[in-house]
Each structure stands twice: as C-alpha cells, then as structure tokens.
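S.K.: Need coordinates for the below:
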Amino acid sequence: MEALDVGGYVLVSLAALVFLFLQSWFAATVVRRVVGVPTGWPRTLAVGLVMSAVVAVTVQYLYRAGTGQNVDGLDVSPGVAVLFMVLAFGWIFALGVGALVMLEAAFPTGSLPSPQSLFFGWKSRRRRGRRYAQVVSIAVRHGLGSQLRGFGGDSPGRDVKTARALKESLAEAGVTFVKLGQMLSTRRDILPPVFVRELETLQTQVTPEPWSVIEPAIAERLGRPIGEVFARIGSTPLAAASVAQVHEATLLDGTEVIVKVQRPKALNQVTQDLDIILRLAGWLNKTTTWGRDLGVQSLAAGFANTLEEELDYRIELDNMASIENSLKRSGKFDVTVPHGHPGLSGERLLVMDRLPGQPVSRAGALLTGLSDAERSRLATTLLGATLEQIIGDGIFHADLHAGNIFTTPEGKLGLLDFGAVGRLDPGTQTSLGLMLYSIDQNDSAGATDALIELLGRPDGLNDREVERAVGELLLRYGGGTRAAQGQKLFDDLFNLVLAHRFSAPAPISAAFRAMASVEGALLTIDPHFDVVAVSRQEGNRLVRSKLKGTKITDELQRRALQLMPMIDRMPRRINKITEDLEHGRFSMNMRVLENPSDRSFLTSLFQQLIVAVLAGAAVVGAIMLITSDEGPLLTKDIHLYSFFGFVLLFGGFVLSMRSLMLVFRRDGQT
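M.R.: Okay, here's the model as predicted:
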C-alpha cells in the first residue's frame with residue numbers, strides 16, 4: 001500500500017507539473033500574440049510561469065473571500081468573488097504583458113546568450129575572454145580608453161597623439177588588428193587625415209617560425225613528404241609576415257619556385273580576433289552614435305570577408321591566373337606574373353615560379369645602373385599595364401605598392417602578392433576611361449559627367465561646384481607636370497570625390513587606391529617621370545580602342561536588337577493614342593500606393609495610431625469610472641462603476657503595451 005501511495009503521489013505530482021507547464025505555455029502564447037512581436041520563448045515561458053503561480057495564489061485567496069473563510073480579510077458574496085476573480089485574471093495577464101514588453105525593450109531578443117550557452121562552450125568563451133582582456137589592456141595602456149566616444153574633433157595636437165596611440169595599439173594587438181589598421185588607412189572618407197597618415201605606416205615586426213615547425217606544416221599541406229616534390233628547399237625564409245612566410249625551393253624538374261606557407265597557428269588566431277572585432281563592432285553600433293554614423297558593423301563585416309579571402313591561397317592562385325591572362329590578352333606590356341602550380345598549392349600553401357630580381361622598394365642599386373631612358377620605359381610600362389588592367393580588362397592588381405613590384409636585371413617588371421584583386425564591370429570601365437579621356441581633352445563638363453555616372457549622384461549635389469573643382473584640377477595638371485606634382489594626380493582626384501560626398505563602391509574605391517598607390521612606385525623607378533602626361537596619353541588610347549569602328553557598330557547593332565520589339569509595337573500604340581485623343585477618350589491613371597512597401601508603411605502607421613487612440617480613450621474612460629461615486633455597490637467600499645473602470649483600464653493598459661511594443665519592432669516593418 002505504501003508503494004501504491006508513493007506511486008500515486010508521483011503520478012499526481014507529474015500531472016500537476018504537466019498541467020502547470022501547459023497552463024504556462026498557453027498563457028505565454030496568448031501574451032506573445034497580444035504583444036504582436038515574436039519575443040524569445042524562454043523569457044515568454046518564464047513570464048507565463050510567474051503568471052500561473054500568481055493566478056493560483058489569487059484564486060485561492062478569492063475562494064476563501066467568497067466562502068467566508070478569510071479571517072480579518074476580504075469578505076464578499078460568491079458572485080462578487082467571481083467578478084473579482086475575472087478582473088484579477090485580466091490584470092495578472094496585463095502585468096505579464098507589461099513585464100514582457102519591459103524585458104524586450106531593455107534586453108531585445110537575441111541580445112543575451114542563449115540558455116544552452118550557459119552549459120556549453122565554456123572553453124571557447126574563456127579563451128575569448130582572455131583575448132578580450134588582452135586587447136582592452138593594450139588599448140588602455142596606450143591611452144585609448146577615453147576615446148570610445150569617437151576619434152577626431154578635439155584639437156589637432158590631441159588628434160595626433162590619439163592617432164599614434166591607435167597605431168601602436170593595433171601593432172601590438174597582432175596580425176588581425178594590423179590588417180584592420182591597414183584597411184582603415186585606405187578609408188579617407190571616414191577617418192580624419194591624421195589617422196590615415198599614421199595607419200599608413202602600420203607594419204608588423206615578426207620573428208620567423210623555426211624550420212622545425214614549418215617543415216611538417218609544408219608536408220602536411222602537400223599531402224606527401226617534401227622530398228617527393230622539392231629537390232631543395234631553403235630552411236631560412238626569404239620574408240616573414242604575421243600570417244605566412246616565404247621560402248625558396250627547387251622542384252624535381254629544376255624549376256625555381258617560391259613556397260608561401262601559412263603559419264600553423266595563424267588561422268586560429270585570426271578567426272578568434274575576427275570574432276572579437278565583429279562583436280566589438282556590434283557593441284559600438286548599438287552603444288555609440290559615432291559607431292552608427294560610420295557604419296562600423298558593415299565595415300567590420302567587409303573586413304572579415306576580405307581577410308578570410310586573403311587567408312585562402314586558392315583565391316590568390318585564381319587571382320594570379322586572372323591577371324596573367326589579362327596581360328596576355330593585352331599583349332602590349334612586358335610585365336611578368338609568376339605562374340602558379342595548382343597541383344602543389346592549396347588553401348594554406350601556395351607554390352609559384354620565382355621571379356628574378358628585387359622589389360622596387362629595395363632595388364635602388366639596380367635602378368641606378370639603368371639609363372634614364374630605361375627607367376622611363378619601365379615606369380611607362382607599369383602605368384600603362386595598370387590602366388590597361390583597370391580600364392581595358394576590368395581585372396586589376398589592387399595593391400601595387402613598391403614592395404609588390406619586381407624589377408629584373410634585364411630591365412623587366414614583375415608583379416607579386418595577388419591577395420587583393422579588384423574587378424570592374426564593363427560600364428564602370430567605360431566611365432573610368434571617359435573620365436581620363438575628358439581629363440586629356442581638358443573637358444571639365446565631360447569629366448564631371450563621367451564622375452557622376454561612375455559614382456552615382458549623392459543627395460544635394462551641386463553640379464556646378466563639382467565641375468568647377470574638376471576644372472581647377474585640369475588647370476593644375478593641364479599641360480602635364482613633372483614629378484613633384486604628378487604624384488598627386490590620383491590622390492587629388494580621390495580627395496575631390498570625398499569632398500563632394502560621393503559614395504565610392506568598394507571596387508571603384510579599390511581602383512582609385514590602385515592608381516594612387518602605383519604613383520609612389522612610378523616615382524621610385526623614375527623620379528623624373530611625368531605621371532600626368534602618360535596617364536592622359538594611356539587614357540586617351542584606351543578609350544579610342546574601345547570606340548573603334550567595329551566595336552561601335554557591334555554595340556549599335558546590339559542596342560538596335562534590344563529596341564526592335566518596342567519599335568514593332570510603337571505604330572499600333574501611337575495609332576491608339578491619336579484615336580483616343582480624337583474621340584476624347586484619352587485618360588491617364590496613376591496609382592499612388594502601387595508599391596507594396598508604401599502600402600505596408602501606411603497600414604502599419606494607421607494601426608499604431610488607432611491602437612494609441614483606443615488605448616488613450618480606454619484609460620481616460622477608466623479614470624472617469626473609477627473616480628465616480630455613483631452606481632450600485634458591490635461591497636460597502638467598491639461601486640459597480642469602479643469595477644467596470646478597472647476592467648476598461650485593463651483594456652487600455654494592454655493596448656498601450658501593444659502600441660509601445662510596435663515602437664521597438666526591429667524587423668523593419670514600421
């Protein structure tokens with residue numbers, strides 16, 4: 001019997017728990033529906049559970065009040081107790097709605113860790129927490145703790161100090177943050193000039209990984225012993241960066257190659273740091289005005305995508321092949337691109353032919369041994385090949401600084417490091433070419449039109465001011481200038497774009513950066529090189545090649561074919577319009593709210609207005625009824641009208657909560 005009693009007790013307890021859960025779930029579902037926003041289920045169920053518990057206590061109390069069992073408490077008739085019970089249910093429900101609205105307003109769904117995260121992922125959170133603390137301590141130690149409200153806008157001296165502290169903090173924080181700073185140094189449209197100048201000098205000083213670590217990494221990524229691929233491989237790296245290091249080697253067939261291998265721990269470190277950067281960007285976007293104004297969240301997402309591509313050497317291998325094919329198709333410029341070896345390369349390993357010579361940044365002695373005519377020819381070849389890639393083919397090397405450009409003892413050029421490659425669509429190529437062509441023709445109006453076509457028209461653009469600024473630029477560089485001014489041509493053009501608040505899409509911005517960065521290499525090769533004159537000449541040639549007779553004929557034929565269906569229908573349409581005009585039947589129809597988003601916006605706006613008006617009317621009516629001293633009495637102190645007032649106040653409160661919740665909606669349907 002005792003066992004049966006225990007079993008019965010357990011069954012009753014389980015049934016009570018199941019009933020409580022179902023009751024809480026039902027209450028939570030109704031509350032969620034009334035609020036009108038898909039709030040998180042954990043918090044909604046918690047509110048429903050609290051509501052169920054309060055309902056149980058209230059029912060018990062009012063039952064005793066209606067049966068005369070309350071000692072020194074409420075004592076009413078059973079009918080009045082039932083009315084009070086109904087009112088209590090309503091207000092418990094209303095307060096549950098209010099609690100859920102307040103929770104959603106203070107802690108939006110998705111902003112807090114999920115319940116399962118409390119039990120799983122402790123190891124990764126602890127590792128991320130240590131890295132967080134390390135990065136924050138670096139920033140604070142360099143004096144950046146007080147700058148979270150935004151950089152710039154104080155005094156020039158303070159800006160210089162803050163910019164230097166930012167650069168030093170990023171350099172100390174490691175490879176990911178160094179690359180973030182290097183990316184930000186190209187965004188003159190969002191950072192003050194002093195920050196750009198400091199971040200442009202950002203470099204990392206790293207110690208190469210020992211050969212005992214690199215050798216097994218190469219073998220693992222080759223999928224076979226090193227001796228089966230290479231006849232020789234140097235154990236001392238030619239260069240070492242934060243993510244990878246480069247070794248010279250010889251294939252079994254005698255081909256001299258370069259082996260670029262990613263450091264074994266680099267990917268994990270970059271992945272962890274990217275997670276931190278994305279989380280910090282999200283926090284800054286939510287908590288700071290300057291973060292929202294700068295769009296730090298989209299900046300961080302774009303940076304993460306770019307860096308992930310740079311870490312995949314298969315993408316660099318494809319970029320190398322694209323540039324190599326582009327230069328071969330042109331056939332005008334003798335610029336070498338190292339041939340990659342896809343069979344030996346992979347996601348973390350890149351094998352390519354070795355280029356003889358030295359990078360331009362370290363080839364001072366070699367360049368000094370060349371004649372002025374040879375140096376001028378090299379610079380002309382480099383600039384022509386760059387513009388050919390950008391305007392002629394649309395696939396271009398986007399990081400043409402002096403360290404990525406090789407010069408050989410034979411007086412030839414080569415390109416390296418294809419982690420950043422830009423791509424332009426045909427329309428953008430044409431617009432860029434027309435802009436350079438207009439500059440060559442001293443046509444400020446044409447250059448302005450090409451610039452607007454290229455970048456789009458920003459709000460409030462003054463065409464005359466832009467044309468005047470372009471005209472001043474043409475006058476400054478009109479006749480072709482020597483080195484001192486020539487190196488600023490593309491830099492000044494980009495500053496003009498920023499000054500008039502044009503928004504440069506990423507591919508176009510990359511093209512401007514490529515043209516601006518190559519100028520430094522040109523002046524290193526030939527300090528007397530006339531950048532402007534050669535740019536005008538090459539731009540003119542490229543545009544004229546696009547406008548050759550056969551190309552124009554083909555383009556006109558293609559456009560004519562597109563217009564043929566419309567031309568076929570045009571006589572019938574013109575005939576119908578003239579007949580309608582003759583007989584007075586011509587009419588025009590315009591649907592103001594044809595766009596579904598416009599209709600949705602107005603519908604939502606009117607819904608909010610109606611809910612707010614009803615809520616206000618209910619609250620005002622409730623106050624009038626509650627304060628009234630007339631009508632029959634339910635108890636010796638409570639009038640029937642006051643009871644109805646509290647019922648009406650309940651409705652007004654729920655409507656007010658729903659109206660408030662509509663303000664906090666985050667799905668864009670306002």
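S.K.: burial of residue 268, as a residue count?
M.R.: Using other CB atoms under 10 Å, residue 268 has 10 neighbouring residues. Where you see a C-beta, it was placed from the backbone N, CA and C, and this is true even at glycine.
S.K.: Now do the helix or strand harbouring it: distance to the chain's middle.
M.R.: Assigned by DSSP states H and E, residue 268 belongs to helix 266-287. Taking CA atoms, centre = their mean, to the nearest Å, one finds the center of helix 266-287 at 12 Å from the center of the full chain.
S.K.: so what does it touch, helix or strand wise?
M.R.: helix 122-141, helix 175-184, helix 289-294, helix 296-310 (3 or more CB pairs under 8 Å, 6 or more residues apart in numbering; DSSP states H and E).
S.K.: The closest residue to residue 168 other than its chain neighbours and residue 185, how far apart?
M.R.: Computed as CB to CB, 6 or more residues apart in numbering, the closest residue to residue 168 that is not its neighbour in sequence is residue 142, at 5.3 Å. Separation of residue 142 from residue 185 (CB to CB, to the nearest Å) stands at 18 Å.
S.K.: on that earlier part again, got the phi/psi numbers for the residue nearest to residue 168?
M.R.: Residue 142 adopts backbone torsions of phi -90, psi 0, taken as degrees, to the nearest 10.
S.K.: Quickly note the distance from the nearest residue to residue 63 once chain neighbours are set aside to residue 93.
M.R.: Closest residue to residue 63 apart from its sequence neighbours, by CB to CB, 6+ apart: residue 81 at 7.2 Å. In this structure, residue 81 and residue 93 are 19 Å apart, going by CB to CB.
S.K.: Looking at the helices and strands packed on helix 266-287, which one is packed in the most?
M.R.: For the helices and strands packed on helix 266-287, the largest average neighbour count (mean count of other CB atoms under 10 Å) is found in helix 175-184, namely a mean of 21.
S.K.: quick check: mean pLDDT across that helix?
M.R.: Average pLDDT, helix 175-184: 79.
S.K.: re the thing from before, other residues contacting the helix holding residue 268?
M.R.: 127-128, 131-132, 135, 148, 173-177, 180, 242-244, 291-292, 295-297, 299-301, 303-304, 307-308, 311, 348 (CB atoms under 8 Å, 6 or more residues apart in numbering).
S.K.: for stretch 632-642, same thing?
M.R.: The contact list for stretch 632-642, computed with CB under 8 Å, 6+ apart, reads 76, 80, 83, 625-626, 628-631, 643.
S.K.: what do you get if the cut-off is 7 Å, keeping everything else the same?
M.R.: The contact list for stretch 632-642, computed with CB atoms under 7 Å, 6 or more residues apart in numbering, reads 76, 80, 625-626, 628-631, 643.
S.K.: from the residues you listed, which would you call buried?
M.R.: Buried members of the contacts of stretch 632-642, counted by 16 or more other CB atoms under 10 Å: 76, 80, 625-626, 643.
S.K.: circling back: any idea which helix or strand carries the residue nearest to residue 63?
M.R.: helix 78-106.
S.K.: pLDDT (mean, whole number) over that helix?
M.R.: 77.
S.K.: Tell me where the stretch 551-670 of the chain is predicted with low confidence.
M.R.: 551-559, 562, 590, 592-594, 662-670 (pLDDT under 70).
S.K.: Can you lay out the helices and strands packed on helix 266-287 as TSV showing distance to residue 428?
M.R.: TSV is the format used below for those (distance: least, CB to CB, whole Å):
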stretch	distance to residue 428
helix 122-141	38
helix 175-184	22
helix 289-294	25
helix 296-310	19
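S.K.: Can you tell me which of those helices is nearest to residue 69?
M.R.: Closest of the helices and strands packed on helix 266-287 to residue 69 is helix 122-141, at 51.8 Å (criterion: CB to CB).
S.K.: helices and strands around the closest one, which ones?
M.R.: Helix 122-141 is packed against helix 156-173, helix 266-287, with contacts defined by 3 or more CB pairs under 7 Å, 6 or more residues apart in numbering; DSSP states H and E.
S.K.: Skip ahead from the helix or strand of the chain with the lowest mean pLDDT and say which helix or strand is next.
M.R.: Across the helices and strands of the chain, mean confidence by mean pLDDT, DSSP states H and E is lowest for helix 483-486: a mean of 42. For helix 483-486, the following helix or strand on the C-terminal side (DSSP H and E) is helix 489-499.
S.K.: How far does stretch 64-80 sit from its chain's centre?
M.R.: In this view, stretch 64-80 has its centroid 64 Å away from the chain centroid, taken as CA atoms, centre = their mean.
S.K.: Only the buried residues of that stretch, if you could.
M.R.: Taking 16+ other CB under 10 Å as the criterion, stretch 64-80 shows 64-66, 75-76, 80 as buried.
S.K.: So which of those residues sit within strands?
M.R.: Among those, none falls in strands (DSSP state E).
S.K.: now, the most widely separated pair of those residues?
M.R.: Maximum pairwise distance among the buried residues of stretch 64-80 (CB to CB): 13.5 Å, between 64 and 80.
S.K.: If we ignore the residues flanking it in sequence, what's nearest residue 655?
M.R.: Residue 655 sits nearest to residue 615 (CB to CB, 6+ apart), 3.6 Å away.
S.K.: ok, and that neighbour, which helix or strand is that part of?
M.R.: Judged by DSSP H and E, residue 615 forms part of helix 596-626.
S.K.: Can you name the next helix or strand after that helix?
M.R.: Sequence-wise, the next helix or strand downstream of helix 596-626 (DSSP H and E) is helix 640-663.
S.K.: State the distance from the residue nearest the centre of the chain to residue 607.
M.R.: A centroid search over the chain (CA atoms, centre = their mean) returns residue 298, at 2.2 Å, as the residue closest to the centre. Using CB to CB, residue 298 is found at 31 Å from residue 607.
S.K.: What's the local residue count around the nearest residue to residue 358 once chain neighbours are set aside?
M.R.: In space, and not counting its chain neighbours, residue 358 is closest to residue 366: 6.1 Å by CB to CB, 6+ apart. Residue 366: 15 surrounding residues under other CB under 10 Å.
S.K.: And for residue 447?
M.R.: Per other CB under 10 Å, the neighbour tally for residue 447 reads 25.
S.K.: got a pLDDT number for it?
M.R.: If you check residue 447, the pLDDT there is 83.
S.K.: Show the contacting residues for it.
M.R.: Going by CB under 7 Å, 6+ apart, residue 447 touches 435, 438-439, 470.
S.K.: Return the member of those residues nearest to residue 571.
M.R.: Of all the contacts of residue 447, residue 571 sits closest to residue 438, with 39.3 Å by CB to CB.
S.K.: All good on my end, thank you.
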